[in-house]
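Enquirer: Sequence and predicted structure below; questions after.
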Amino acid sequence: MRGLFPATPLQRNDHLSAKYDADIWLKREDLSPVRSYKIRGAFHALTKAREAQPEQTTFVCASAGNHAQGVAYNCQHFGVKGVIFMPVTTPAQKIQKTKIFGGDAVEVMLTGDYFDDTLAAAKAYCADKGAHFLSPFDDDDVITGQASVSVEIADELEKTPDLVILPVGGGGLSAGATAFFGPDGPALHYVEPAGGASLTAALHIGAPQTLPHVDNFVDGASVARIGDRTFARLKAVPPARVHRVSEDRLCTTMIEMLNIEGIVLEPAGALSIDVLQDMADEIKGKTVVCISSGGNFDFERLPEVKERAQRFLGLKKYFILRLPQRPGALKDFLAMLGPDDDIARFEYLKKSARNFGTVLIGIETSDAANFTALDTRLSAQGFDLRDITDDVALADFLV
């Protein structure tokens, strides 16, 4: 693997170490050539496939992100043909990056609105053309390749860490680490997005199961069903060591790492760092390694990340305001706002046949307590304000 890329750095993070009174290290997989650890599993699986079938020249994968880029990079390295199936809805930035990494060796096939359709098309292509399918995680050779992250941690750190925190999606990275470190190694903790907790679900019944709904915000780790082969290596994990984090809170960690440390992380790449706040008492005084698994972040998503972070911190809310249809009513309402309250969204639907008009209003402020004070002032003046911030269906439709 060293002929493909150098070991990713293991860096002590002074900011996090001071914040949690611990010795916090980041394994920077976001600094690999494709900005994620997926290059490792793709390399090892492709190497083994070529050894077993020297005549095989076409390799196929289905992915909307990091796995596609890892496969493309390896296909160009080995000089073999890669066919990358991606959903039609894949952002242009990810498609372009995949083509850049693969060059002339890779053909990108856009098919299906949803990943399941894309995966089915990729497997049908393999059956028709006799190509070799490269799984994103549920493959023994992929798992072994991802274990190289743990090998490097053991080589680079001068002492055995007390804890290693692993993000979990399909389970390839965490299964590789679990197999490598074994029961006598550091304590391993696993972290999933709350909207895609497939390991938690599998541990609950003792077998992989398909989640009925997945929040795709953490696109690098939101998997509806953990792999059969990966779960075989994870089924003995104590449920108490599996953590789930809110997608909105995860955004605050992404913003923090960008603003304070200048580190660009995709949502999945921030999972192992975000969970530290839930483990503050347990990690105090200990040596902890967090795997920052990826940094493929499209900055067009930054406004959404900021929005979700503000909403989690209580600094931005959306309301439906019933405004009396009389001259000066809007002026009276605006006079109720505090000096740090800023209107970020305002839509007024006036219907002359009614005594009240409806206003959709978004407000940002500097302190969550300001909303309590605003509500008190508005109630005293008879204004009817309905908070829709946490009404998912209504907020998604209107905002």
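Expert: Nice, I can see it. All values reported here derive from a predicted model rather than from experimental measurement.
Enquirer: phi, psi of residue 251?
Expert: Per-residue torsions, residue 251: phi -60, psi -30 (degrees, to the nearest 10).
Enquirer: Also residue 61?
Expert: Dihedral angles (degrees, to the nearest 10) for residue 61: phi -140, psi 160.
Enquirer: show me what contacts it?
Expert: Residues in contact with residue 61 (Cβ atoms under 8 Å, 6 or more residues apart in numbering) are 42, 67-68, 71, 82-85, 122, 133-136. Heads up, the C-betas are built off the backbone N, CA and C, glycines and all.
Enquirer: least trustworthy helix or strand in this structure by mean pLDDT?
Expert: helix 392-398 (a mean of 74; mean pLDDT, DSSP states H and E).
Enquirer: residues making contact with that one?
Expert: So helix 392-398 is contacted by 318, 360, 388-389 (Cβ under 8 Å, 6+ apart).
Enquirer: name the element the spatially closest residue to residue 78 that is not a sequence neighbour belongs to?
Expert: Nearest residue to residue 78 in three dimensions, chain neighbours excluded: residue 46, at 6.3 Å (Cβ to Cβ, 6 or more residues apart in numbering). Using DSSP states H and E, residue 46 maps to helix 38-52.
Enquirer: Not counting that helix itself, show me its contacts.
Expert: 1, 4-5, 32-33, 56, 59, 61, 66-67, 69-71, 73-75, 77-78, 80, 132, 134-137, 139, 141-146, 148-149, 172, 294.
Enquirer: Just the ones of the residues you listed in helices?
Expert: 66-67, 69-71, 73-75, 77-78, 141-146, 148-149, 172 (DSSP state H).
Enquirer: Output the below-cut-off pLDDT ranges for this protein.
Expert: 350-354, 395, 398-399 (pLDDT under 70).
Enquirer: okay, now the domains of it?
Expert: 10-36+143-305, 57-130, 314-398 (automatic domain parsing).
Enquirer: circling back: now for the residue nearest to residue 78, how many residues are close by?
Expert: Look at residue 46: counted by other Cβ atoms under 10 Å, it has 26 neighbours.
Enquirer: cool, the one 3 residues further on as well?
Expert: Applying other Cβ under 10 Å, we find 18 other residues in the vicinity of residue 49.
Enquirer: which residues does residue 106 bridge with?
Expert: Here residue 106 shows beta-bridge partners residue 82, assigned using DSSP bridges.
Enquirer: so how far is residue 38 from residue 266?
Expert: 12 Å (Cβ to Cβ, to the nearest Å).
Enquirer: Kindly report the same for residue 231.
Expert: Taken as Cβ to Cβ, the span from residue 231 to residue 38 is 19 Å.
Enquirer: Which residue of those two possesses the greater neighbour count?
Expert: residue 38 (33 against 23).
Enquirer: Tell me the spatial nearest neighbour of residue 245, not counting adjacent residues.
Expert: Nearest to residue 245 is residue 274, by Cβ to Cβ, 6+ apart, at 5.0 Å.
Enquirer: from memory the one you found sits against residue 249, does it?
Expert: Yes - Residue 274 is within contact range of residue 249, at 6.4 Å (criterion: Cβ atoms under 8 Å).
Enquirer: Neighbour count for these two, which is higher?
Expert: Per other Cβ under 10 Å, whichever of residue 274 and residue 249 has more neighbours is residue 274, with 27 against 18.
Enquirer: show me what contacts the more buried one?
Expert: 191, 245, 249-250, 252-253.
Enquirer: Can I take it that it is in a helix?
Expert: Yes - per DSSP: H, G, I helix; E, B strand; the rest coil, residue 274 lies within a helix segment.
Enquirer: gap between it and residue 81?
Expert: 39 Å.
Enquirer: before we move on, what about residue 359?
Expert: 58 Å.
Enquirer: do residue 130 as well
Expert: In terms of Cβ to Cβ, residue 130 sits 12 Å off from residue 81.
Enquirer: Perfect, that will be all.
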